[in-house]
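>>> after the sequence you'll find the predicted model.
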Amino acid sequence: MTGEDESLTGLFAQWRGGNAHAGEAVLAQVYDELRRLAQRYLHGSGSLTLQPTALVNEALIKLIGADPDWDSRAHFFGAAARAMRQVLVDAARCRLAEKRGGGAVHLTLGAASGEHGRDDIELLALDQLLCRLAELDLVQARVVELRYFVGLSIDDTARVMELHPSAVNREWTMARAWLKRELER
């Protein structure tokens with residue numbers, strides 16, 4: 001565990017204990033990183049209208065609205081990935097409702113790792129498939145959330161999930177293959 005991880009872990013404990021200043025310190029530590037991740041993610045998805053700041057702010061509203069029960073950096077970033085996923089899916093649903101079924105949002109599984117243009121899929125289909133994948137293999141579903149929705153690298157995902165990078169790479173490869181196969185059905 002790095003010093004930054006230990007610092008966040010201590011702040012999470014204080015925040016859970018009711019210290020509002022600790023909550024502010026947590027947000028100050030993670031906000032810029034989340035914004036950079038959102039910017040990197042949204043850069044690869046030209047059809048989305050959300051700005052990185054809006055995505056992070058909406059995700060943080062979802063996170064802060066719940067009890068701050070995170071106990072580690074990994075736990076927090078996992079929750080942040082789910083919140084960002086929810087914000088993106090909600091935005092896609094709103095756009096689809098406005099267009100009455102047209103204009104599906106297309107993203108790529110490679111967008112998180114800079115591999116634009118491959119594995120085009122609809123965001124809503126990905127969300128449904130991730131729910132199914134989580135029932136089959138929760139680790140793979142979390143890897144996809146962290147890589148795809150938060151834009152973490154293999155090494156960063158490994159650090160957050162407390163796994164070896166080769167294990168994350170293996171899970172990412174298997175998850176992408178499963179998602180692609182399911183989308184082709």
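Cool, got the structure. Numbering: from 1, shown residues only.

>>> not counting stretch 149-161 itself, show me its contacts.
By Cβ atoms under 8 Å, 6 or more residues apart in numbering, the list of residues contacting stretch 149-161 from outside reads 34, 37-38, 40-41, 73-74, 77-78, 80-82, 84-85, 88, 111-113, 139, 142-143, 146-147, 163-165, 167-169, 172. Bear in mind the C-beta positions are built from the backbone N, C-alpha and C, glycine included.

>>> mind listing what's buried in the lengthiest helix in the chain?
The longest helix of the chain (DSSP state H) is helix 73-98. Buried residues in helix 73-98, counting neighbours by 16 or more other Cβ atoms under 10 Å, are found at 73-74, 76-85, 87-89, 91-92, 95-96.

>>> now the residue lying closest to H21 once chain neighbours are set aside: which helix or strand?
Taking Cβ to Cβ, 6 or more residues apart in numbering as the measure, H21 lies nearest to Q14, with 8.0 Å between them; neighbours along the chain are not counted. Counting by DSSP states H and E, the element that carries Q14 is helix 3-16.

>>> and that helix, what does it pack against?
In terms of contact count using 3 or more Cβ pairs under 8 Å, 6 or more residues apart in numbering; DSSP states H and E, helix 3-16 is assigned the packing partners helix 20-43, helix 73-98.

>>> repeat the analysis, applying 6 Å as the threshold.
Under the contact definition 3 or more Cβ pairs under 6 Å, 6 or more residues apart in numbering; DSSP states H and E, helix 3-16 sits against helix 20-43.

>>> I'd like the mean pLDDT over the next helix or strand along the chain from the helix it packs on, please.
Proceeding N to C from helix 20-43, the next assigned helix or strand is helix 52-65, under DSSP H and E. When pLDDT is averaged along helix 52-65, the result is 87.

>>> by average pLDDT, which secondary structure element in this structure comes out worst?
Lowest on mean pLDDT, DSSP states H and E among the helices and strands of the chain sits strand 120-122, with a mean of 49.

>>> so what pLDDT did the residue nearest the centre of the chain get?
For the chain, the residue nearest the mean C-alpha position is A81 (2.5 Å; Cα atoms, centre = their mean). Among the per-residue scores, A81 holds a pLDDT of 85.

>>> what's the helix holding Q14 in contact with?
With Cβ atoms under 6 Å, 6 or more residues apart in numbering as the contact definition, helix 3-16 has outside contacts at 22-23, 25-26, 68, 70-73.
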